[in-house]
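Chemist: Below: sequence and its predicted model.
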Amino acid sequence: MLTLAPHSGTCALSDQGLPDATHQSMPMNATVERFLQYLRHERNLSWRTVDLYRRNLDQWDAFMNAGGQALDLLSVTEGDIRTWLMHRSSQGDCPGTLRHRLQSVRALYRYLLRRGEVTVNPAAQVELAKLPKPLPKFVREKTVDAVLDADIDMDDFVQVRDRLVVMLFYETGIRLSELIGLQDAAVDVDKRELKVRGKRDKDRIVPFGDELARWVTDYRRLRADVPNECGNLLITPKGKPLYPSLVYHVVHDSLADAGATGKLSPHVLRHTFATVMLNNGAELNNVKELLGHESLAATQVYTHVTLSELKHNYELAHPRALKKGGLYGN
């Protein structure tokens, strides 16, 4: 097993920057030990991260030495690395693990390139394993309806504010940072629209409906008794701006109380907004503008969610699907 060891020096170089004739090979162990020392003491990586590099390189060394000949770093080819990764894949390594293993070898050769000890990085052109892209998580409409229709004390500032937090996420699709920074003056209940300061300080206008307008009005009535020096729409009982962990707990607890499970975050409500909009016939470009996405590609992922939902509804409702074992099938 490779271990951290004191710096052992570099191999001699010729005038052309290539290893000298007396140093036509580069043993694995001593070189990797120097590399790990570099990561720990010059790059200031944690021991845990360095240990991950060490284990990946140990595994590579063991595979390359399986024939009984010590691994020579100067003789490694791109094909050798591909063969190793294919072997690891056959042994059950997931795409994420394969990426980490390849990145460890790439980093080693980048280190050697900078020091002039090699002239090529055989891992540079090997493609990283593609990670699966999970569909955005969302909450079903009936669950959010249960949250928004539940009775609360309409004279309680915090209860009304928390309900408004959930409603804003669900009915406008704004981000957590956008909600926290939403200025009171940016919310116009007469025009039924709010101005959001999004990523890269880009402003966008988001419309909203009558129900949200009524809740904003009721909330402002209660907030009149709270000092508001920050000018934000949503504040704490002491007049301070909301903060991420507070908003997260408001959303999580509200959804959990309605029976929702899994990841229950503000961003999940943003995903839910987009999914509901597309499920109910909104055009993709319009949803893109409402979400403040830079490109249509970022919004198109929600079309996969809606397709998945359509398939689910089909299996639950179509007579033939039911006969074949749907929710009410035999």
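Modeler: Perfect, thanks for sending it.
Chemist: C-alpha from now on. contacts and neighbour counts both.
Modeler: Fine.
Chemist: Domain-wise, how is the chain divided?
Modeler: Per automatic domain parsing, the domain ranges recorded for the chain read 1-128, 141-184+214-323.
Chemist: Could I get the full set of helices for the stretch 151-300 of the chain?
Modeler: 157-172, 176-180, 210-223, 244-257, 266-279, 284-291, 296-317 (DSSP state H, counting those that start in this stretch).
Chemist: quick one, which of those helices is packed in tightest?
Modeler: The highest average neighbour count among those, using mean count of other C-alpha atoms under 10 Å, belongs to helix 266-279 at a mean of 23.
Chemist: Now do it against helix 284-291, angle only.
Modeler: 150 degrees (axes from the mean of the first three to the mean of the last three C-alpha atoms, to 10 degrees).
Chemist: centre of the chain versus helix 266-279, how much separation?
Modeler: How far helix 266-279 lies from its chain's middle: 16 Å, per C-alpha atoms, centre = their mean, to the nearest Å.
Chemist: So what touches that helix?
Modeler: With contact meaning C-alpha atoms under 8 Å, 6 or more residues apart in numbering, helix 266-279 is reached by 136-141, 166, 169-176, 247-248, 251-252, 284, 287, 291, 302-303, 305-306.
Chemist: How about the contacts made by residue 28?
Modeler: 61, 70-73.
Chemist: Quickly note the distance from it to residue 112.
Modeler: Plainly put, residue 28 is 12 Å away from residue 112 if you go by C-alpha to C-alpha, to the nearest Å.
Chemist: cool, residue 45 as well?
Modeler: Taken as C-alpha to C-alpha, the span from residue 45 to residue 112 is 18 Å.
Chemist: which of these two has more neighbours?
Modeler: The neighbour count for residue 45 versus residue 112, taken as other C-alpha atoms under 10 Å, is higher for residue 112 (20 against 15).
Chemist: sorry, back to before: how about the helices of the stretch 151-300 of the chain in TSV, adding distance to residue 37?
Modeler: Listed next are the helices of the stretch 151-300 of the chain as TSV, based on distance: least, C-alpha to C-alpha, whole Å:
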stretch	distance to residue 37
helix 157-172	48
helix 176-180	40
helix 210-223	58
helix 244-257	38
helix 266-279	40
helix 284-291	46
helix 296-317	41
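Chemist: mind checking which of the ones you listed is nearest residue 101?
Modeler: Closest approach to residue 101 among those is made by helix 296-317 (28.8 Å; C-alpha to C-alpha).
Chemist: Pull up the gap between residue 146 and residue 166, please.
Modeler: According to C-alpha to C-alpha, residue 146 and residue 166 sit 12 Å apart.
Chemist: Also residue 114?
Modeler: 52 Å.
Chemist: for this structure, which spans come out with low pLDDT?
Modeler: 1-27, 67-70, 132-136, 304-330 (pLDDT under 70).
Chemist: what about 80?
Modeler: Applying pLDDT under 80 to the chain flags residues 1-29, 66-71, 129, 131-136, 200, 300-330.
Chemist: List the buried residues of stretch 35-52.
Modeler: 35-40, 50-51 (16 or more other C-alpha atoms under 10 Å).
Chemist: just stretch 113-123 next, same as before
Modeler: 116-119, 121-123.
Chemist: need the strands for the stretch 101-250 of the chain, in chain order.
Modeler: Along the stretch 101-250 of the chain, the segments classed as strands by DSSP state E, counting those that start in this stretch run 187-188, 193-197, 203-207.
Chemist: Name every strand pairing with the first one and say which way it goes.
Modeler: Which is strand 187-188. The sheet places strand 187-188 alongside strand 193-197 (antiparallel), with pairing taken from DSSP bridges.
Chemist: how many degrees apart are the partner strand and helix 157-172 in direction?
Modeler: 90 degrees.
Chemist: pull the CA atoms of strand 193-197 into CSV?
Modeler: Provided in CSV are the C-alpha atoms of strand 193-197 (Å, rounded to 0.1, in the frame of the first residue of the first chain):
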residue,chain,number,x,y,z
GLU,A,193,-46.6,41.0,-10.0
LEU,A,194,-43.3,41.0,-8.2
LYS,A,195,-39.8,42.0,-9.3
VAL,A,196,-37.1,39.5,-8.5
ARG,A,197,-33.4,40.1,-8.4
